[in-house]
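Mind looking at a prediction? Sequence and model below.
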Amino acid sequence: MSGRIPAIAFSTFREAVRDRVLYNLIFFASLLVASAPIFGQISVGVERIFLINLGLTAISLFGIVIAIFIGIGLVSKEIDKKTLYTVLSRPVRRWEFITGKYLGLAGTLVVNALLMTLGFYAALLFLTHHLGRAEANILIAVYFIILQFLIITAITLLFSSFSTPIESAIYALAMFIVGSFAEDLRGFAAMAHGPQAWLARIASYVVPNLSILNVITRVSHDEIIPASLIGLNTLYALFYVAIVVSGAVVIFEFRNLK
Amino acid sequence: MRRSVVIVASLISLLSVVGMVASARTVYHIRPNDTLHDALFVSSPQAVKKLSLGYSGLLADVYWTRVVQYFGGKHQAGAEEYKALAPLLDITVTLDPHLIAAYEFGSIFLAQPPPDGAGNVEAAVNLIKRGIQANPQYWRLYYSLGYLEYYERHDFKAAAQAFDEGAGKPGAHEWMKTMAALMHAKAGDTSTARYLWSRIYEETDDKNVKQNAFMRLACLRVDEQVPQLENLISRYHQQTDRWPTSWHELISAGLLQRPPVDPAGETYLLKPQGRVELANPRLFRFAHYGLTKPA
């Protein structure tokens, strides 16, 4: 078992980095980050803030788009090309296949995020001429963005384990949008009464709370992010991913592949 | 065959480019500028915040850039009205309540009388107070409030209170205490205004603010020089019982050493009845003296 999951993960990673969509998206994200100093110049007093907000938002949004567009084909591509049957005819369990696929795409996104972060820091250095403690604080926002990627990848994998790529993309995108409103759902639950309140509360836990993982604006103002938030957000993301990937594994176990 | 297709396609493209640019330029000319310029596609700050999907910081920067562009465009056109300025600033600070630049510069844009601003001092004071509420430890906002109370509202007591409060905040400059003391002692003096603008000039890194402070200091200089010159002319009139027609008469009488020049280096104009006027009053739009009297 131990060797099979990394092997699938590595092959998924290798396949993902060959995808042209990935490079197009990275190119546009890098272009956006590089243009941030120009945007800052047509404004007043916000050059650095603008660069941080634009750079991190680009890393986050483009990463989510990459997660969705590559994630939706993870299972369906293997079925279409019939490679899945070759893989499963070997001593590879279905859950190992799903876990490996997840880890492979997650790894791709982590590497992408780190590369885009390097580009972002280069732009920041160009603008501010130094990198200090305040700039190191920005890495926490990047870490939270990576946690967002892990969650979105898991959700995309879950949908792609039982639906078509188009449907998976729509569902995953919808989950991302609703996840951005998770705090509002909680607010609604607090105001509502009876079954509606319960439904809203359950929904607020079902959808991923992506707003707690977004500290871009806070780090742009050099606000210190408490260590407790880093720890709790890590736990939240890991538990959420574990639940969703387990769901994908169960669905895939029972899926009729004939 | 293929060659002729390429040639025809290129010709069509070229003609279309010319047509497209010409039609677009016509549209720009006939389009009522203000309707689009003053339009707020989503006017509710809360709705804009929800639509940002959590990326409100970036959207705040975009809105702030829109404020700067809107203000700059209107200012350049010599506008008397800045209808969308206050709502745009409201959206900006709702999206990011810690965007200090929006409070600091936005309040200046709002407060200055037209055509240099919206002339809405109340909105400017409210904006700064909102900024203080969201960023109570940021001393510069108290300084901006003190400036508005002193310079725009002439409420010296409120100005002193703002400078005093700001002086106690982390990182506050020592001269905040001096400003508070000046407000109590001699708020109406030109020297107080000069002190305030000199501090702004020395402190700011923004070239627009620096330029504005420089111009205000120049206007204060004009407000000092013109009454002094008019006093000299009155003395000349008392001595000779006639008004001088040129500066040389005052120089000959030993009242002046050379023809007086304004801060832009232009010689002041000597008008009938001993009035002194600026050669180019448009350069000193914040001056109270030396302006051309209506005929």
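In hand now; what should we look at?

okay, and for the chain, where does confidence drop off?
You didn't pick a chain, so chain A it is. Counting by pLDDT under 70, the ranges of chain A that qualify are A:1-2, A:40, A:257-258.

please go with chain B instead
Looking at chain B by pLDDT under 70, you get B:1, B:28, B:30-41, B:185-188, B:293-295.

Show me it divided up by domain.
B:37-213, B:221-284 (automatic domain parsing).

can you redo those domains as TSV with distance to residue A:231 and mean neighbour count?
(Glycine included, C-beta is placed from N, CA and C.) Listed next are these as TSV, based on distance: least, C-beta to C-beta, whole Å; neighbours: other C-beta atoms under 10 Å in any protein chain shown:
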stretch	distance to residue A:231	mean neighbour count
domain B:37-213	21	19
domain B:221-284	60	15
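
okay if I get these as TSV plus distance to chain A?
Listed next are the domains of chain B as TSV, based on distance: least, C-beta to the nearest C-beta, whole Å:
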stretch	distance to chain A
domain B:37-213	3
domain B:221-284	23
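
Any chance of JSON lines for those domains, columns distance to residue A:197?
Below are these laid out as JSON lines (distance: least, C-beta to C-beta, whole Å):
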{"stretch": "domain B:37-213", "distance to residue A:197": "21"}
{"stretch": "domain B:221-284", "distance to residue A:197": "65"}
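
Please give the number of neighbouring residues around residue A:122.
Neighbours of residue A:122 under the rule other C-beta atoms under 10 Å in any protein chain shown: 13.

Which of the helices or strands spans it?
When elements are assigned from DSSP states H and E, residue A:122 belongs to helix A:94-128.

what packs against that helix?
helix A:4-17, helix A:20-41, helix A:47-71, helix A:73-80, helix A:83-89, helix A:133-160, helix A:227-254 (3 or more C-beta pairs under 8 Å, 6 or more residues apart in numbering or on different chains; DSSP states H and E).

go with 6 Å
helix A:4-17, helix A:20-41, helix A:47-71, helix A:133-160, helix A:227-254 (3 or more C-beta pairs under 6 Å, 6 or more residues apart in numbering or on different chains; DSSP states H and E).

for those helices, which one ends up most surrounded?
Comparing the helices and strands packed on helix A:94-128 by mean neighbour count (mean count of other C-beta atoms under 10 Å in any protein chain shown), helix A:47-71 comes out on top with a mean of 24.

Can you check what angle separates it from helix A:94-128?
160 degrees (axes from the mean of the first three to the mean of the last three C-alpha atoms, to 10 degrees).

quick one on the thing from earlier: which positions in the helix holding residue A:122 come out as buried?
A:94-109, A:112-113, A:116-117, A:119-121, A:123-124, A:127 (16 or more other C-beta atoms under 10 Å in any protein chain shown).

next one: that helix to chain centre, how far?
9 Å (C-alpha atoms, centre = their mean, to the nearest Å).

Likewise for stretch A:152-160?
On C-alpha atoms, centre = their mean, the centre of stretch A:152-160 falls 10 Å from the chain's centre.

touching chain B at all, it?
No. Residues of stretch A:152-160 contacting chain B under C-beta under 6 Å from any C-beta of the partner chain: none, with a closest distance of 13.0 Å.

Pull that stretch out as CSV, backbone CA atoms only.
Provided in CSV are the C-alpha atoms of stretch A:152-160 (Å, rounded to 0.1, in the frame of the first residue of the first chain):
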residue,chain,number,x,y,z
ILE,A,152,-11.4,22.9,-3.1
THR,A,153,-9.3,20.0,-4.5
ALA,A,154,-11.0,17.5,-2.2
ILE,A,155,-14.5,18.9,-3.1
THR,A,156,-13.7,18.7,-6.9
LEU,A,157,-12.5,15.2,-6.4
LEU,A,158,-15.7,14.3,-4.6
PHE,A,159,-17.9,15.5,-7.4
SER,A,160,-15.7,14.1,-10.1
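
Ramachandran coordinates for residue B:120?
phi -110, psi 80 (degrees, to the nearest 10).

Get me the contact residues on chain A for chain B.
So chain A meets chain B at A:42-46, A:50, A:53-54, A:57, A:180, A:211, A:214, A:216-217, A:220-221 (C-beta under 6 Å from any C-beta).

Tell me which residue of chain A is furthest from the middle?
residue A:194 (34.4 Å; C-alpha atoms, centre = their mean).

Would you mind measuring from it to residue A:94?
Distance, residue A:194 to residue A:94, using C-beta to C-beta, to the nearest Å: 42 Å.
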